[in-house]
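Peer 1: Provided below for reference: sequence and predicted model.
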Amino acid sequence: MSMISGLKDTFLKNVRNMNGWTTSRKIVVFESDDWGAIRMPSKKDYDSLLAKGLPVDKSFYNINDSLESNEDVEALFNVLSKYKDKNGDPAKFTALSVVANPDFDKIRANGFTKYEYEDVSKTLERYGNSHNRVHQLWKEGVASGVYWSECHGREHVHVKRWMHAINDAGSESALSFEHEFYGLGGSDTLGPGRSFMPAFDIDSTEEIPAQALILKDGVEIFDRIFGYRPQYFVAPNSTVSTKLEPLLKEYGIDYIIGSRHQKEPLGNGKFTHNYRYLGKRNDSGQMYLARNCQFEHGQSKSQNYNECLKDIQIAFNWKKPAVISTHRVNYIGCINEDNRTKGLQQLDSLLKAIVQKWPDVEFMDSRQLAHLADSKK
């Protein structure tokens with residue numbers, strides 16, 4: 001990074017911390033998206049798709065990300081539990097979780113005429129012994145204080161787009177379906193820049209009622225799987241219409257992700273940006289949270305633990321909690337064990353540095369931070 005680029009980056013990091021709720025407490029929150037979602041089913045599927053000419057090697061996610069395994073979850077929890085804050089509480093992840101995935105067998109059986117899904121418990125069961133304790137490990141993580149789940153929607157796929165694409169015989173999407181994979185993007189049928197991943201993107205505002213039902217399903221399944229109602233919602237790819245926010249309120253969602261210039265789809269490939277910050281409220285009285293630190297170390301050398309420490313310092317300088325974005329993919333080793341090893345080494349180094357540099361740090365999950373900011377304490 002050049003000197004000018006570095007100065008610009010530092011300036012922007014300061015700007016994004018300027019407005020919103022403040023606190024003199026040194027609070028650190030890790031927010032991690034995509035838990036529960038399938039991505040690349042296996043190394044065998046990856047190799048097969050690559051051999052058939054699909055460009056799966058062009059995405060860090062497709063190379064490394066998969067449904068979390070017993071070993072993935074245990075290894076992450078072992079690192080988090082090593083480090084305690086000033087109150088004796090361990091470091092913890094807020095896992096933004098989807099609770100369902102496409103039911104490929106049922107879709108195939110109905111001739112690709114109707115979308116069907118299975119809840120994540122069924123998906124874990126299908127993935128076999130390597131995943132047979134994940135559900136129980138989630139519960140143990142909540143009990144020990146290293147893990148807390150909040151809502152990332154029902155599934156991490158744009159249902160309407162994907163169903164249209166897999167009906168295009170011979171397309172990359174149709175071929176990917178045979179490997180129970182949808183993460184390629186869909187440019188062969190949707191056009192450049194279009195993707196299946198933002199589940200609540202819209203091509204037309206007429207899609208919003210159907211998306212509302214998907215959200216309602218997602219909240220209800222979440223309650224059944226985790227045993228509590230979610231209070232916080234982060235849309236896949238952080239893309240969702242504000243028209244859904246009042247409905248989220250009805251479903252019990254009081255807190256929503258926000259960024260300084262939050263992207264909102266308007267349909268037909270058009271977007272607007274909404275100005276948000278930690279503590280801002282919408283017309284439904286819901287409060288926005290905001291991420292101000294990056295720790296996506298596998299995807300970019302500029303987001304390693306040393307750079308994340310700089311983000312945290314800037315947040316604390318502005319009397320803001322440090323809310324760190326760190327996706328699940330950084331800690332998954334089912335396809336590429338080296339990815340998990342390196343990711344956990346980076347996390348271990350970050351946590352070690354945090355507790356040494358800020359001995360008065362407090363580790364919180366997103367719900368705890370939201371409640372604190374909501375109480376204005």
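Peer 2: Right, received. Where do you want to start?
Peer 1: what's the following helix or strand after the worst-scoring helix or strand of the chain on mean pLDDT?
Peer 2: Lowest mean confidence among the helices and strands of the chain (mean pLDDT, DSSP states H and E): helix 187-190, at a mean of 49. Using DSSP states H and E, the helix or strand that directly follows helix 187-190 along the chain is helix 208-226.
Peer 1: Can you name the residues in contact with the helix or strand following that following helix?
Peer 2: Counting by DSSP H and E, the element after helix 208-226 in chain order, helix or strand, is strand 232-233. Applying CB atoms under 8 Å, 6 or more residues apart in numbering, the set of residues contacting strand 232-233 from outside is 94, 150-153, 248, 253-257, 289, 366-367, 370. From N, CA and C alone the C-beta is placed, and that goes for glycine too.
Peer 1: of all these, which two lie farthest apart?
Peer 2: Farthest pair in the contacts of strand 232-233 (CB to CB) is Gly153 and Ala370. Separation: 18.2 Å.
Peer 1: More neighbours: these two, which one.
Peer 2: Relative neighbour count places Gly153 above the other of Gly153 and Ala370, with 27 against 23, counting by other CB atoms under 10 Å.
Peer 1: ok, now which ones touch the more buried one?
Peer 2: Taking CB under 8 Å, 6+ apart, one finds Val98, Ala199, Phe200, Ile214, Leu215, Gly218, Phe233, Ala235, Pro236 in contact with Gly153.
Peer 1: re earlier: if you look at the contacts of strand 232-233, which of them are in strands?
Peer 2: Under the assignment DSSP state E, the contacts of strand 232-233 contribute Thr94, Glu150, Cys151, Tyr255, Ile256, Ile257, Leu289 to strands.
Peer 1: separation between the last one and Met197?
Peer 2: When you say that, I think you mean Leu289. Distance, Leu289 to Met197, by CB to CB, to the nearest Å: 21 Å.
Peer 1: What lies in contact with stretch 18-29?
Peer 2: By CB under 8 Å, 6+ apart, stretch 18-29 touches 85, 91, 94, 277-280, 290, 312, 316, 318-324, 354, 358, 360-366, 369, 372-373, 376.
Peer 1: ok, of those residues, which come out buried?
Peer 2: By neighbour count, with 16 or more other CB atoms under 10 Å, these hold 85, 91, 94, 277-280, 290, 312, 316, 318, 320-324, 354, 358, 361-366, 369, 372-373 as buried.
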